[in-house]
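> Starting from these lines, generate the structure:
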Amino acid sequence: MVHAFLIHTLHPRPGEEAGLCRVLYSRVFGSERLDQSPEEPGPHDLEKERLGRKEQILAVARQVDSTCKLLHQASGRPASDFPIQLPDEPISLQDAPSGVFRLPPGDPFCENKMVLWLGVLSLGFALVCDPQENLTLAENTLRLVVKYLLEHLKLLNQGSDVVLKADKTEIILSKFLPHGQLLFLNDQFVQGLEKELGACLAK
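Residues are numbered from 1 along each chain as shown. You can find the predicted model right below:
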């Protein structure tokens with residue numbers, strides 16, 4: 001199962017002002033408790049859980065950001081070679097930096113997790129998965145979700161718009177990642193989901 005999906009800022013492009021990594025959107029699936037105590041949580045405990053989850057998601061975003069920086073540095077490409085996306089230019093994810101890494105127990109989740117990520121200019125997208133998940137399927141799903149988020153929500157112009165478009169983000173996730181479950185996506189099935197998605201977003 002997919003534990004979480006998140007969108008966050010990445011390291012700034014050349015000429016942009018440096019800033020802290022920020023989580024723009026996150027969705028946690030399932031109900032894994034931070035505290036494994038069998039006792040029913042009270043109101044104070046629930047607030048603590050909420051804040052703890054935010055810290056977990058931010059920790060993932062920071063690690064993706066750091067990994068993406070290292071990948072760019074290791075490529076040996078000069079800063080001036082960083083791609084610039086024009087407003088009407090088609091988006092290609094083929095050459096976008098991507099990767100996968102493991103999070104050991106306690107860093108920051110109670111159990112092992114795998115993180116698959118994709119960086120598109122100033123935005124990072126990540127899936128946090130259980131270690132037994134099909135990582136190839138998870139990567140294909142992540143790329144599909146990112147493709148439709150960028151196409152339908154026009155996120156690359158202003159990343160902060162993600163916050164204002166959370167409802168449409170939820171619709172896309174509900175089609176391609178319902179309740180955190182990975183779907184086996186063949187071409188015909190994807191085409192059917194595309195039609196459903198188009199109809200939902202047009203409302």
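
> Which per-residue confidence value corresponds to Tyr148?
Per-residue confidence at Tyr148 stands at 86 (pLDDT).

> ah, wrong one, I meant Leu144
pLDDT for Leu144: 91.

> Now it: which helix or strand?
Per DSSP states H and E, Leu144 falls inside helix 135-153.

> buried residues in that helix?
By 16 or more other C-beta atoms under 10 Å, the buried positions in helix 135-153 come out as 138-150, 152-153. The C-beta positions use only the backbone N, C-alpha and C, and glycine is treated the same way.

> can you check stretch 66-77 too?
Quick answer for stretch 66-77 (16+ other C-beta under 10 Å): 67-68, 72.

> Only the buried residues of the host helix or strand of Phe189, if you could.
Following DSSP H and E, one finds Phe189 within helix 187-202. For helix 187-202, burial by neighbour count (16+ other C-beta under 10 Å) applies to 193, 197.

> quick one: contacts of that helix?
When contacts are defined by C-beta atoms under 8 Å, 6 or more residues apart in numbering, helix 187-202 is touched by residues 144, 148, 152, 168, 171-172, 175-176, 183, 185.

> redo that, cut-off 7 Å
For helix 187-202, the external contacting residues (C-beta atoms under 7 Å, 6 or more residues apart in numbering) are 148, 152, 168, 171-172, 175-176.

> can you tell me which two in the residues you listed are farthest apart?
Lys168 and Phe176 (13.1 Å; C-beta to C-beta).

> and these two? which has more neighbours close in?
When Lys168 and Phe176 are compared for neighbours, Phe176 comes out ahead with 20 against 17, by other C-beta atoms under 10 Å.

> my guess is the more buried one contacts Val146, does it?
No: the criterion here is C-beta atoms under 7 Å, and Phe176 misses it with Val146 at 10.2 Å.

> any idea which helix or strand carries Ile7?
Going by DSSP H and E, Ile7 is in strand 2-9.

> Run through who's touching that strand.
21-30, 32, 57, 60-61, 113, 122-130, 138, 159, 162, 173, 177, 180, 182.

> Please list only the buried members of those.
By 16+ other C-beta under 10 Å, these give 21, 23-29, 32, 57, 60-61, 113, 122-130, 138, 159, 162, 173, 177, 180, 182 as buried.
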